[in-house]
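>>> just a sequence and a predicted model for now, questions to come.
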Amino acid sequence: MKKFHKAFALLAVSTLLILAAGCNFFGNEVGKMKSALKGREAIIQTYDEESNIIDKIEGKSIDIGANGSFELKDSEGSTVQKSGVMSITVGGKTMMHVGSSLILNEKGLTNVFEEYAKTNDLESSSRSIPFVNKMVNSVKNLTTGQKLLILVRSQSGKPLATFVGNNVSYFTTDIDKSTGFLVDGKYLFIYRCDYTVYDLSLFN
């Protein structure tokens, strides 16, 4: 019984250490993203449910975070629900955003979907050929040599952006319904979007 208690205690401590390390990693990545964007150019685009672009903002020194006024906290002051309202600063100018799909990508990350859309009539695409397969084959010059593909979709499931890279990792953020990505050293942030990460070899 003593051995069991000792093993259980060791497992509990190990789990707590892993969780703490994970929290530190996510916190560090959010901090790195904010630090990196302060001196670099990035593009912010919002989309409607049909994947149409509502607005496009480009700038340097972008800061993005949750508006803490909209967090839900319990009686002890602990956050029980993260804020879904974003506060964004672009070159010292501020904006707030909530609701519609938003993508922020650091300049240097190519939105493969935009390149594909330039040469293809999306409304008349043949439904007999899976959409991702057709896109990958159409933009071979942008996908050759890459390992992973991130397909981002609107809240109604319509494709709106695609990014590719060899090294892709993801992390949580302090904004509800959002995910941060690091794609070959460049930051990508998506809010209120569906997404799938594929191994590109699946489409060869």
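In hand now; what should we look at?
>>> F163 bridge partners, please.
Applying DSSP bridges to F163 gives these bridge partners: I150.
>>> show the contacting residues for it.
Neighbouring residues of F163 by CB atoms under 8 Å, 6 or more residues apart in numbering: 105, 109-112, 149-150, 152, 181, 183, 188. Every residue, glycine included, has its C-beta placed from N, CA and C.
>>> how about 6 Å then?
By CB atoms under 6 Å, 6 or more residues apart in numbering, the residues touching F163 are 109, 150, 183.
>>> N166 now?
Contact criterion CB under 6 Å, 6+ apart gives 147, 184 as the residues in contact with N166.
>>> next one: it from L200, what distance?
N166 sits 10 Å away from L200, going by CB to CB, to the nearest Å.
>>> what touches both of the two?
Shared contacts of N166 and L200 (CB under 6 Å, 6+ apart): K147.
>>> now flag whichever of the contacts of F163 is closest to L142.
For those, the minimum distance to L142 (CB to CB) is 11.4 Å, reached by L109.
>>> what's the neighbour count on that closest one?
For L109, the neighbour count with other CB atoms under 10 Å is 21.
>>> tell me which residues touch it, please.
By CB under 6 Å, 6+ apart, the residues touching L109 are 163, 183, 186.
>>> surely it is within a helix?
No. Counting by DSSP: H, G, I helix; E, B strand; the rest coil, one finds L109 to be coil, located in no helix.
>>> if anything else comes up later, I'll come back, but that's it for now.
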